[in-house]
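> quick one, fold the following:
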Amino acid sequence: MKMTQSTASLRLLTRRQRGCIFSDEEETLDCCILRCQKRKILGICGCLPWFLASSEEPECSIQQYSCLIQHADRLQHPKCNCRLPCRHIAYDCIRFITKKNFKLRSSCEYVISHWPTVQYQRKTLFGWLDLLVSFGGVAGLFLGYSLLTSVEFIYYFTLRSYCGAVLNTPNQRHNIVRLRTVKPKAQMNLNGKQKYYNYIQ
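Predicted structure coming up:
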């Protein structure tokens, strides 16, 4: 018996990449194999046995059961593209014992001589978040890029551009007067006294 578990980080990968499906994503493995077997039987014999047929599918007649017997090996183990669940348990048959006189009318018995001690686990070693962190580290080392730079880029290209282009600030007129102070100039009076004037232009 072998147990396989998967971490939640595998949900970021596609089903083809991880090679398994979670229980809430698709039909179970048994339903997928059953649907594949029914499709294979319909393709070869054109009908289904009574225990697989439904009201919408044709049931095999007595004469058509010879086709099922003839292709029993191919129909019992068809090649289906069914993915295993991300958490599953596989049993290995160690010994096969036959019993002729068995009270429960069974002719065989599966025996597992050793209990398993191996547990497999699927997990992502390098995901999208790790890739983003790696690029951020390289950019910060060589270009001086940081998280604050990202915030500044967002501010300048969104909020500041919006405020400058959309929001109209009221245009107010201001009367600007320029004043220049001129040094006083001495001027002679008729009485011989100097007279000082301050000129303001």
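> partner strands of the helix or strand where Gln121 lies and their direction?
When secondary structure is defined by DSSP states H and E, Gln121 falls within strand 119-122. The strands beside strand 119-122 in its sheet (DSSP bridges) come out as strand 2-6 (parallel).
> okay, now the domains of the chain?
According to automatic domain parsing, the chain is divided into the following domains: 2-122, 128-165.
> any weak-confidence spans in the chain?
In the predicted model of the chain, residues 92-117, 162, 164-177, 179, 181-201 satisfy pLDDT under 70.
> ok, which stretches of it are strands?
With DSSP state E as the criterion, the chain has strands at 2-6, 20-21, 84-85, 88-90, 95-98, 108-111, 119-122, 185-188, 194-197.
> which residues are in contact with the third one?
Pointing back at strand 84-85 there. Contacts with strand 84-85, where a contact means CB atoms under 8 Å, 6 or more residues apart in numbering, come from Thr4, Gly19, Cys20, Ile21, Phe22, Ser23, Thr28, Leu29. No exception for glycine: its C-beta is placed from N, CA and C like everyone else's.
> buried ones from these, can you make that a ChimeraX selection?
To isolate the buried subset of those in ChimeraX, counting by 16 or more other CB atoms under 10 Å, use the following:
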select :4,20,21,29
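> if we can go back for a sec, distance to Arg180 added to the domains of the chain, as a markdown table?
As requested, the domains of the chain are arranged in a markdown table below (distance: least, CB to CB, whole Å):
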| stretch | distance to Arg180 |
| --- | --- |
| domain 2-122 | 72 |
| domain 128-165 | 35 |
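> excluding chain neighbours, what is closest to Cys80?
Distances taken as CB to CB, 6 or more residues apart in numbering put Cys36 closest to Cys80, at 3.6 Å, once the chain neighbours are dropped.
> what do you get for Gln119?
Nearest one to Gln119, counting by CB to CB, 6+ apart, is Met3 at 4.9 Å.
> that neighbour pairs with what?
Residues found in beta-bridge contact with Met3 (criterion: DSSP bridges) are Ile89, Gln119.
> so how far is Asp30 from it?
Met3 sits 18 Å away from Asp30 when distances are taken as CB to CB, to the nearest Å.
> likewise Gly19?
For Gly19, the distance to Asp30 - CB to CB - is 18 Å.
> same check on Ala72?
In this view, Ala72 and Asp30 are 20 Å apart by CB to CB.
> same deal with Asp73?
Shown here: Asp73 relative to Asp30, a distance of 20 Å by CB to CB.
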